[in-house]
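>>> here's a sequence, model it:
(chains A and B)
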Amino acid sequence: MLPPFAPDIFSEDSGRVTLLGGECTACGALSFPYQEICSHDGKPVKRRALGSRGRIYSYTVIHVRPPFGLPSPYVIGAVALAEVPLRVVMLLDWARLAATEIGSSVVLAAGDIGADLSGAPCRRPFFTPDEAAR
Amino acid sequence: MMHVGVAGIGLTPFGRFPDRSLIDLGASAVRAALVDAEIPTDAIGAAYVANALGGILFGDTTIGQPLLRRAGITGIPVVNVENACTSGSTALWLAWSAVAAGQVETALVIGAEKMCVPQMGLINSGRSEIDTQLGLVAPASFAMRAMRHMHVFGTTARQMASVVVKSRQAGALNPGALFRRVETIEGVLAAPMIATPLTRSQCCPNADGAAAIILTARRGGRSIGVDTVVLTSGRYINDADMARWDTDKRTAALAYEKAGIGAAEIQVVECHDAFSIGEILHCESLGLCPEGEGGRLAESGATALGGSIPVNPSGGLLSRGHPIAATSVAQICELVAQLRGEAGPRQVERARVGLAQCMGGDLAGDTKSCTVAVLSN
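All right, here's what the predicted structure looks like:
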């Protein structure tokens, strides 16, 4: 399997893709991506999984020259995660645009998509319509 | 605190100038501002020089000193400033603070950018940021705000297009604007899609250009008062509402408080209309209309020249063009021309109080930076 585009963003375990982030040890605020110090109170943050499911809060289809060898056009969305109170910006499934709308349920997947910062092919996570929730 | 006023303004046209360097453009704006202010070069006590992309596009960093040397100014404190689209207004904030504090009597603010070159790609907010690596290029965050605004408030594609039609009408009256041809709603909507729902006409064009202003504590002459300049950054709260812009509203409220006025007293606005939806959101944040009503405000004609609250009479970023660091200095140049009554065919009648708003960069679904300045005559 190709390496991920960046470390500690997502995990893949027998087909289940999970988003990784952090939780403040003091105030409990969640963060994605993980950062060592909480933005809200400056206290230490511990690593935690953020789940795999969410709902589309907003999205857009980008038709101009994509960065990092992403598909053209590609879709990016703000997704409100289902298992924790956090919204993240993430690629959406460009092949399932017809099923993409604000409020629809999505589940995290991963694929060989584009290149990393050094130009090497890599894996990226993306949200795809959640058939189980339909 | 000292009184701070604008004694002079200087502006190059905004456009595509392959034969002119960044330094050359910036020095031209400085010379024009000195002539406009009718002061000698040795009256300048400090200079704040904004440029955002010289390092990336040309490998040229710290351009302030060579730029000023070209304009005949050496030996003074020079501060080079980068803060995305608010680079210029951040330079203004620094200069205003220095003059208000009595640190210097007269200061120069310059924004210069050259970006119409083959190596220019889409603007992003930092190549190594995770959001950027997941495809969050500059139009994407505004496009997602637009989708959300349409979903929550029922804002329509035609209302967003009306921002551009109004902008082109103003641009047609500005000899320094990049786009000077009027446009129809249908034409705006038929342009190629860039980031749904924003068509190309709803995205500001790259441009080369420079702008300069001279701030001074000396009263008199044609000086226009700068009542306040505020600079903020986002709080990066994860569930921030994308249809209502907290950082924008917070910055506007702070500026109104410091200037001791309310939205109803503003007579002319220059705002960061990098995208059609941007102007709609900023009109709401500035209190020019109720929340969610920005689209209807644009469609009503209220923000056009001759309307009840003209917004971006210069043509704004959408029609004048958006040379990143020059933009928010050019906004001040436009307001000064308006408040002097020297704006020619795009003059807002009897304008005495003007407001400039700008935003820069994306971080965690919010802006990196936001500025608001209030000027009065």
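>>> and the strands in the chain, which stretches?
You didn't pick a chain, so chain A it is. For chain A, the strands defined by DSSP state E cover A:10-13, A:16-24, A:30-31, A:45-51, A:53-62, A:74-81, A:87-92, A:105-115, A:121-129.
>>> ah, no, chain B please
Using DSSP E, strands in chain B cover B:5-11, B:46-50, B:78-81, B:106-113, B:193-195, B:198-199, B:209-216, B:224-232, B:268-270, B:353-363, B:366-376.
>>> now the last one against strand B:353-363, angle please.
Computed with axes from the mean of the first three to the mean of the last three Cα atoms, to 10 degrees, the direction of strand B:366-376 lies at 170 degrees from that of strand B:353-363.
>>> quick one, strand B:366-376 and strand B:224-232 angle?
Using the same axes, to 10 degrees: strand B:366-376 against strand B:224-232 is 160 degrees.
>>> okay, strand B:366-376 in CSV with CA atoms only?
Provided in CSV are the C-alpha atoms of strand B:366-376 (Å, rounded to 0.1, in the frame of the first residue of the first chain):
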residue,chain,number,x,y,z
ASP,B,366,-11.9,30.9,9.2
THR,B,367,-9.8,33.8,8.0
LYS,B,368,-6.3,34.2,9.2
SER,B,369,-6.6,38.0,9.4
CYS,B,370,-9.2,40.7,9.2
THR,B,371,-8.8,44.5,9.1
VAL,B,372,-11.3,47.4,9.2
ALA,B,373,-10.4,51.1,8.9
VAL,B,374,-12.7,54.1,9.3
LEU,B,375,-11.9,57.4,7.5
SER,B,376,-13.7,60.7,7.8
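>>> let me see the mean pLDDT of it.
Strand B:366-376 shows a mean pLDDT of 96.
>>> got it, and the fourth one?
What strand B:106-113 shows for mean pLDDT is 98.
>>> ok so, going back, dump the strands of chain A to CSV, plus distance to chain B and mean neighbour count.
(Glycine included, C-beta is placed from N, CA and C.) Shown next, in CSV, are the strands of chain A (distance: least, Cβ to the nearest Cβ, whole Å; neighbours: other Cβ atoms under 10 Å in any protein chain shown):
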stretch, distance to chain B, mean neighbour count
strand A:10-13, 11, 15
strand A:16-24, 10, 19
strand A:30-31, 7, 21
strand A:45-51, 11, 16
strand A:53-62, 4, 23
strand A:74-81, 5, 25
strand A:87-92, 5, 26
strand A:105-115, 9, 19
strand A:121-129, 7, 22
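>>> which among the ones you listed is found nearest to residue B:200?
Counting by Cβ to Cβ, residue B:200 lies closest to strand A:53-62 out of the strands of chain A; the figure is 12.8 Å.
>>> pLDDT of that closest one, averaged?
The model assigns strand A:53-62 a mean pLDDT of 97.
>>> repeat that for stretch A:12-22.
So the average pLDDT for stretch A:12-22 ends up being 95.
>>> and residue 3, what is it in contact with?
Because you didn't say which chain, this covers chain A. A:116, A:120, A:122-123 (Cβ atoms under 8 Å, 6 or more residues apart in numbering or on different chains).
>>> actually it's chain B I care about, not the one you picked
Residue B:3 makes contact with B:217, B:219, B:225, according to Cβ under 8 Å, 6+ apart.
>>> got a PyMOL select line for the buried ones in those?
The PyMOL selection below is limited to those of the contacts of residue B:3 classed as buried (16 or more other Cβ atoms under 10 Å in any protein chain shown):
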select buried, chain B and resi 217+225
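>>> for chain A, what are the nearby residues on the stretch 101-250 of chain B?
Proximity of the stretch 101-250 of chain B to chain A, by Cβ under 8 Å from any Cβ of the partner chain, involves residues B:121-122, B:124, B:127-128, B:130-137, B:139-140, B:143-148, B:151, B:192-198, B:236, B:238-239, B:242.
>>> go again using 6 Å as the cut-off
Taking Cβ under 6 Å from any Cβ of the partner chain as the test, the list of the stretch 101-250 of chain B residues beside chain A reads B:130-131, B:133-136, B:140, B:143-144, B:147-148, B:151, B:193-196, B:236, B:238-239, B:242.
>>> quick check on those: which are buried?
By 16+ other Cβ under 10 Å, those give B:130-131, B:133-136, B:140, B:143-144, B:147-148, B:151, B:193-196, B:236, B:238, B:242 as buried.
>>> show me those that map onto helices.
The members of those that map onto helices under DSSP state H are B:130-131, B:133, B:140, B:143-144, B:147-148, B:151.
>>> adding pLDDT and distance to residue B:259, write those residues out as TSV.
Shown next, in TSV, are those (pLDDT from 0 to 100; distance: Cβ to Cβ, whole Å):
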residue	pLDDT	distance to residue B:259
B:130	88	38
B:131	88	34
B:133	92	41
B:140	93	34
B:143	97	33
B:144	97	32
B:147	98	34
B:148	98	30
B:151	98	34
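>>> in those, find the pair that's most separated.
Top of the distance list for these (Cβ to Cβ): B:133 and B:151, 26.9 Å.
>>> tell me the two of the contacts of residue A:3 that are most distant?
Comparing every pair within those by Cβ to Cβ identifies A:120 and A:123 as the most remote, at 11.0 Å.
>>> which one of the contacts of residue A:3 is nearest residue A:50?
Looking across these and measuring by Cβ to Cβ, the closest to residue A:50 is residue A:123, at 17.7 Å.
>>> so the closest one makes contact with residue A:110?
Yes: under the criterion of Cβ atoms under 6 Å, residue A:123 makes contact with residue A:110 at 5.3 Å.
>>> could I get the contacts of residue B:3 as TSV with pLDDT and distance to residue B:86?
Shown next, in TSV, are the contacts of residue B:3 (pLDDT from 0 to 100; distance: Cβ to Cβ, whole Å):
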residue	pLDDT	distance to residue B:86
B:217	97	24
B:219	89	28
B:225	97	21
